[in-house]
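# what's the 3D shape of this:
(one chain, ligands or ions: 1)
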Amino acid sequence: STTPVKVAVTGAAGQICYSLLFRIASGSLLGDTPIELRLLEITPALPRLEGVVMELDDCAFPNLAGVEIGDDPEKVFDGANLAMLVGAMPRKEGMDRSDLLGANGKIFTGQGKALNKVAADDVRILVTGNPANTNALIAKDNAPDIPDDRFSALTRLDHNRAKSMLAKKLGVNVGEVTNMTIWGNHSNTQFPDLFHTKVGGKNAYELVNDEAWYENTYIPEVAKRGGAVIKARGASSAASAANATVEAMHDWAVGTPANDWVSMSVVSDGSYGVPEGLISSFPVTCKDGKYEIVQGLDLNDFSKKKIAATVDELTKEQGEVREMGLI
Ligand code: NAI
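Model (predicted):
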């Protein structure tokens, strides 16, 4: 029998995980490979998490080899092969972005240290909890024994939103859209790049042929889609965030299709002028559990400006958490 892959998930009693855990357990992550779920929550949420585990039991998923829950990251992350860090503190009224960075910073210093101590040697860590890029940076910095290329932050939801909105504009099936790229931060400054995107193999920017729509409608609507969902649903994106999280980890572990790439926020090696060490979104291909940043794309002046702006924001966030002593 195969040893189950240990998949750690944080924020397990929250709304994203109410979709995510069932997707993982039903095979969206690793097909029929047996999985052991290790679920982390804060102490007051553990009774609610027990209810979620009851429902996982009631699904009778054959690939689900076991579930452990707890509030101690050193126990829950023990031996973890894949870690999805979804749990974070939501922004409350009166909190500004730096309050949020500080509050979440403490969560990710602790979880980084715990992963460093107890995770499996092959661990791969994906941060969904916001501010995702900077939370991932904090976790990485607090886990000096884990190689930098094992950390990533989620920009797959932005990537999927960008594909879907483009397909709608052109009246094509979303499956026709390939080579989409989200550059930079998972925030309003992100840059969805249509200059390298293909639709049915043709250049997306040329097919759209509408500069005003691209700059004034598409780019802001992709970036602000999360807010639009909150307005319509009365709650933030959950099922689509879960879908993106499971797809991102699947592709990282299993591989991206030939002739396509995905957007992942990973540690910059200086590619495309992004300062080394920042966790910024790039076009990447994945194979055998490793990603590579796609090289050699030509960036026009418009793209360079957009990328510089979103990367500046990441640099500022890095400076803030450094001042707070979190990295
Ligand atoms: P939620 O508030 O429903 O659930 C979060 C859960 O995390 C709660 O159950 C909470 O108790 C738990 N939690 C808090 N601190 C924790 C800790 N130290 N350890 C373990 N668990 C902890 O929130 P939801 O909707 O599930 O969203 C989770 C995060 O994902 C939020 O930060 C949200 O902003 C972010 N998000 C990111 C997206 C992306 O594209 N990167 C998209 C959508 C949401």
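# residues contacting whatever residue of the chain ends up closest to the ligand?
Closest approach between the chain and the ligand, counting by CB to the nearest ligand atom: residue 14, at 2.0 Å. Just so you know, the C-beta spots here come from the backbone N, C-alpha and C atoms, and that holds for glycine as well. Taking CB atoms under 8 Å, 6 or more residues apart in numbering, we find residue 14 in contact with 45, 86, 87.
# for the second one, list the residues it contacts.
It stands for residue 86. 9, 10, 11, 12, 14, 16, 17, 20, 128, 129, 245.
# between those, which is nearest residue 306?
Among those, residue 128 lies closest to residue 306 (CB to CB), at 23.7 Å.
# picking up where we left off before, distance to the ligand, pLDDT and secondary structure added to the contacts of residue 14, as CSV?
Shown next, in CSV, are the contacts of residue 14 (distance: CB to the nearest ligand atom, whole Å; pLDDT from 0 to 100; DSSP: H, G, I helix; E, B strand; the rest coil):
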residue, distance to the ligand, pLDDT, secondary structure
45, 4, 98, helix
86, 5, 98, coil
87, 3, 98, coil
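# between those residues, which sits nearest residue 264?
Out of the contacts of residue 14, the member with the shortest distance to residue 264 (by CB to CB) is residue 86, at 16.2 Å.
# now, the contacts of residue 86 that are in helices?
With helices defined by DSSP state H, the entries of these inside them are 16, 17, 20, 245.
# can you pull the buried residues of the biggest strand by length in the chain?
In the chain, taking DSSP state E as the definition, the longest strand is strand 279-287. Across strand 279-287, burial judged by 16 or more other CB atoms under 10 Å covers 279, 280, 281, 282, 283, 284, 285, 286.
# columns distance to residue 202 on top of those, output as CSV?
What follows is the buried residues of strand 279-287, written out as CSV (distance: CB to CB, whole Å):
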residue, distance to residue 202
279, 32
280, 28
281, 24
282, 23
283, 18
284, 23
285, 21
286, 25
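# just put the residues you listed in a markdown table and tack on distance to the ligand.
Below are the buried residues of strand 279-287 laid out as a markdown table (distance: CB to the nearest ligand atom, whole Å):
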| residue | distance to the ligand |
| --- | --- |
| 279 | 12 |
| 280 | 14 |
| 281 | 10 |
| 282 | 16 |
| 283 | 17 |
| 284 | 16 |
| 285 | 21 |
| 286 | 18 |
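# identify, from these, the entry nearest to residue 198.
Distances from residue 198 to those, taken by CB to CB, are shortest for residue 283, at 12.1 Å.
# ok, the closest one - contacts?
Residue 283 makes contacts with 179, 181, 196, 261, 262, 263, 293, 294, 297, as judged by CB under 8 Å, 6+ apart.
# who wins for most neighbours among those?
Highest neighbour count within the contacts of residue 283: residue 263, with 28 neighbours (other CB atoms under 10 Å).
# quick one: strands adjacent to the host helix or strand of it?
Here residue 263, judged by DSSP states H and E, is contained in strand 262-267. Paired neighbours of strand 262-267 in the sheet (DSSP bridges): strand 151-153 (antiparallel), strand 279-287 (antiparallel).
# just checking, next helix/strand downstream of the shortest one?
Looking back up the chat, that one is strand 151-153. Next in sequence after strand 151-153, counting helices and strands by DSSP H and E, comes helix 156-170.
# next: the longest one.
Counting by DSSP H and E, the element after strand 279-287 in chain order, helix or strand, is strand 290-293.
# strands paired with that following strand, and their directions?
Applying DSSP bridges, strand 290-293 is found paired with strand 279-287 (antiparallel).
# now the angle between helix 156-170 and the strand it pairs with, please.
80 degrees (axes from the mean of the first three to the mean of the last three CA atoms, to 10 degrees).
# what mean pLDDT does strand 279-287 have?
Averaged across strand 279-287, the pLDDT comes to 98.
# give me every residue in the stretch 1-150 of the chain lying close to the ligand.
Residues of the stretch 1-150 of the chain lying close to the ligand (CB under 6 Å from any ligand atom) are 10-11, 13-16, 40-42, 45, 86-90, 107, 128-130, 132.
# pLDDT on stretch 158-172, on average?
98.
# residues contacting it, please?
173-174, 176-177, 180-182, 186, 190, 192, 194, 197, 199-200, 204, 207-208, 213, 218, 221-223, 225, 240, 243-244, 247, 262-263, 281.
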